[in-house]
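*Asks:* What follows is a protein structure lacking sequence information:
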């Protein structure tokens, strides 16, 4: 079967205006250009080529159904877009077409304080949702680095990771059920089985996960029922300094295995990250040169439990040779973890001018492989940086990655500063080559290409079949079954291969 | 959206001005209809800032971080039990 896409013609525009009214069909150049990009490294030098032909702003499930049916009938590519804060490129079009910007679908539909769920139109921001929930004493704990700016439906589309996942789980654990508009326009309710508030059942296949992390290739979420938790009475964050990366790496294990139910996360900073933060005086309180790595920990829960956890974490810090870095740094730097988009989007380059923007590459890596991956990633990044002044190495973080526990595999992140306004074809090629080498190093270490961003971009997506093996073949079959005309975010995840069998 | 715990939004949005009536401010470039900081300015270090501006930025940052923290827990515990400090 060969699928041929059509552009957005006058008939399509007229029908979209009939569905939405003229004010919610965006055709202006500015309105289209801003929906061409995401914070992932972006080829600014070919911005205009990346723009959609138009964007639409639905407010109801019925409108989304009508838009998708129209696109499927006319074979027009369609790209779901939520907050567009992701560090992959699921929210940007590869083939023009229609961007379905869902940000107006942001209503709270029900707060159930008996069964402890909240049902929403999913394009609400987590910070705003929690402001709504706070007077009711409940809380939705999803906490990405983009917490104040990203929105739930984007978190669903990327299957996101949460800073507090070791205590409260990640997006997959806290989305109980979904209403999804499939690429053919059919409406599907999918969850754990039973009604939309059932957390666990054993009836049939576990299909919910299929719609958590598909990067907009399988449908558009129009409603979600989420888990609620009691709002934490207390938190305790603590930062400990160590004289070397190895000392911090060794200290991480006792924290991660501390047997504390309130432990929400552990983060290891390597020496390059400490160096970067030391020079970026807007983000960090300077510490002596003898400090070469940091372990940050945090606990959340009832005050009595957190107080007990505090005592144990402070003892572990002392026993592992860590130097407690003080209340101010611990409290404020941990608070800044909830909003990493506020400062590091602009960072200092090596000559201390402020002109670079922050990009991070991530992977899921087991604890035993962290030192190897750290060494390999730095070697790769430094080699490219030596040749291209538009890149800089801003160091690495290692975060707990396992839901409800602190051990196992870790989210590994290297932050690369990029002077995007100076990107050209040569440096863009260097970026994707660097990315590919970083990705290969992760796979060589038995890791996953990505722990939280997804893996749809050039430089990583080519290696997805190598990582997934037979699972990738199943992905192709599922894609073709659910999206027979390949209209939902075509060109992502190599899924076009599902339509390349020569038929049609 | 109720905002009892976090305060009301402050100020009002400026009136819309047609794009053709806007004058580019010094240090701003027009990149195909998008206004951006002139990249040449971003290679200047240190950038000029008055003490008032530095104080405003630092104070604003701290206020913001405390405000963010309040979204996650009612209080932050100190590193030692309060009665152990006496």
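*Replies:* Okay, I see it. Worth saying up front: this structure is predicted, and the values here are computed from it rather than measured.
*Asks:* next SSE after the helix-or-strand element of chain A with minimal mean pLDDT?
*Replies:* Within chain A, no helix or strand scores below strand A:346-348, which has a mean of 61 by mean pLDDT, DSSP states H and E. Going down the chain from strand A:346-348, the next helix or strand is strand A:354-366, by DSSP states H and E.
*Asks:* Which SSE is immediately downstream of that next one?
*Replies:* helix A:370-387.
*Asks:* Could you pull out the buried residues of that following helix?
*Replies:* By neighbour count on 16 or more other CB atoms under 10 Å in any protein chain shown, the buried set for helix A:370-387 is A:370, A:373-374, A:376-378, A:380-381, A:384-385. All C-beta spots, glycine's among them, are computed from the backbone N, C-alpha and C.
*Asks:* now those residues in a markdown table, with pLDDT and distance to chain B?
*Replies:* Conversion of the buried residues of helix A:370-387 to a markdown table gives the following (pLDDT from 0 to 100; distance: CB to the nearest CB, whole Å):
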| residue | pLDDT | distance to chain B |
| --- | --- | --- |
| A:370 | 98 | 27 |
| A:373 | 98 | 30 |
| A:374 | 98 | 29 |
| A:376 | 98 | 32 |
| A:377 | 98 | 27 |
| A:378 | 98 | 25 |
| A:380 | 98 | 27 |
| A:381 | 97 | 22 |
| A:384 | 96 | 21 |
| A:385 | 94 | 18 |
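*Asks:* Quick one: those as TSV, columns for distance to residue A:265 too.
*Replies:* What follows is these, written out as TSV (distance: CB to CB, whole Å):
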residue	distance to residue A:265
A:370	16
A:373	19
A:374	19
A:376	25
A:377	21
A:378	23
A:380	27
A:381	25
A:384	30
A:385	29
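*Asks:* How far does stretch A:425-436 sit from its chain's centre?
*Replies:* With CA atoms, centre = their mean, to the nearest Å as the basis, stretch A:425-436 stands 22 Å off its chain's centre.
*Asks:* just checking, what packs against the lowest-mean-pLDDT helix or strand in chain B?
*Replies:* When each helix and strand of chain B is scored by mean pLDDT, DSSP H and E, strand B:34-37 comes last, with a mean of 74. Counting contacts by 3 or more CB pairs under 8 Å, 6 or more residues apart in numbering or on different chains; DSSP states H and E, strand B:34-37 packs against strand B:28-31.
*Asks:* What strands line up against the least confident helix or strand of chain B, and which way round?
*Replies:* strand B:28-31 (antiparallel) (DSSP bridges).
*Asks:* Once you drop chain neighbours, what's closest to residue A:27?
*Replies:* residue A:54 (4.9 Å; CB to CB, 6 or more residues apart in numbering or on different chains).
*Asks:* ok now do that neighbour, which residues does it touch?
*Replies:* Contact analysis of residue A:54 by CB atoms under 8 Å, 6 or more residues apart in numbering or on different chains lists A:8, A:13, A:16, A:25-27, A:32, A:98-99.
*Asks:* could you redo the last one with a cut-off of 6 Å?
*Replies:* Contacts for residue A:54 (CB atoms under 6 Å, 6 or more residues apart in numbering or on different chains) come out as A:8, A:27, A:98.
*Asks:* and what of residue A:260?
*Replies:* Residues near residue A:260 by CB under 6 Å, 6+ apart: residue A:309.
*Asks:* what's the burial count for the nearest residue to residue A:314 once chain neighbours are set aside?
*Replies:* Nearest residue to residue A:314, sequence neighbours excluded (CB to CB, 6+ apart): residue B:79, at 5.9 Å. Counted with other CB atoms under 10 Å in any protein chain shown, the neighbours of residue B:79 add up to 17.
*Asks:* remind me which residues of chain B are low pLDDT?
*Replies:* Counting by pLDDT under 70, chain B has low-confidence residues at B:1-24, B:42-43, B:45-47, B:83-86.
*Asks:* about what we covered before: which helix or strand contains the residue nearest to residue A:314?
*Replies:* Assigned by DSSP H and E, residue B:79 belongs to neither a helix nor a strand.
*Asks:* What distance do you get for it to residue A:328?
*Replies:* 11 Å (CB to CB, to the nearest Å).
*Asks:* before we move on, what SS does residue A:330 have?
*Replies:* Three-state assignment for residue A:330 (DSSP: H, G, I helix; E, B strand; the rest coil): helix.
*Asks:* What confidence value was assigned to the residue in the stretch 401-504 of chain A positioned nearest to chain B?
*Replies:* Closest residue of the stretch 401-504 of chain A to chain B, CB to the nearest CB: residue A:421 (4.6 Å). pLDDT recorded at residue A:421 is 74.
*Asks:* Who are the contact partners of it?
*Replies:* If a contact means CB under 6 Å, 6+ apart, then residue A:421 has residue B:39 as its contacts.
*Asks:* and it, that one's in a strand?
*Replies:* No. Using three-state DSSP, the assignment for residue A:421 is helix, not a strand.
*Asks:* Please, where are all the helices along chain B?
*Replies:* Secondary structure of chain B by DSSP state H: the helices cover B:51-69.
*Asks:* nope, the stretch 101-250 of chain A is what I was after
*Replies:* With DSSP state H, counting those that start in this stretch, the ranges of helices along the stretch 101-250 of chain A come out as A:126-133, A:152-158, A:165-168, A:171-174, A:245-256.
*Asks:* out of those helices, nearest to chain B?
*Replies:* When the helices of the stretch 101-250 of chain A are ranked by proximity to chain B (CB to the nearest CB), helix A:126-133 comes first, at 5.5 Å.
*Asks:* re earlier: most neighbours, which of the contacts of residue A:54?
*Replies:* That'd be residue A:98 among those, by other CB under 10 Å, with 27 neighbours.
*Asks:* Quick check: residues of the stretch 1-150 of chain A near chain B?
*Replies:* The stretch 1-150 of chain A comes close to chain B at residues A:29-30, A:130-132, A:134, as judged by CB under 6 Å from any CB of the partner chain.
*Asks:* at 7 Å what do you get?
*Replies:* By CB under 7 Å from any CB of the partner chain, the residues of the stretch 1-150 of chain A that approach chain B are A:29-30, A:33, A:127-128, A:130-132, A:134-135.
*Asks:* now chain A, which segments are flagged as low pLDDT?
*Replies:* A:1-6, A:44-45, A:280-286, A:342-355, A:502-504.
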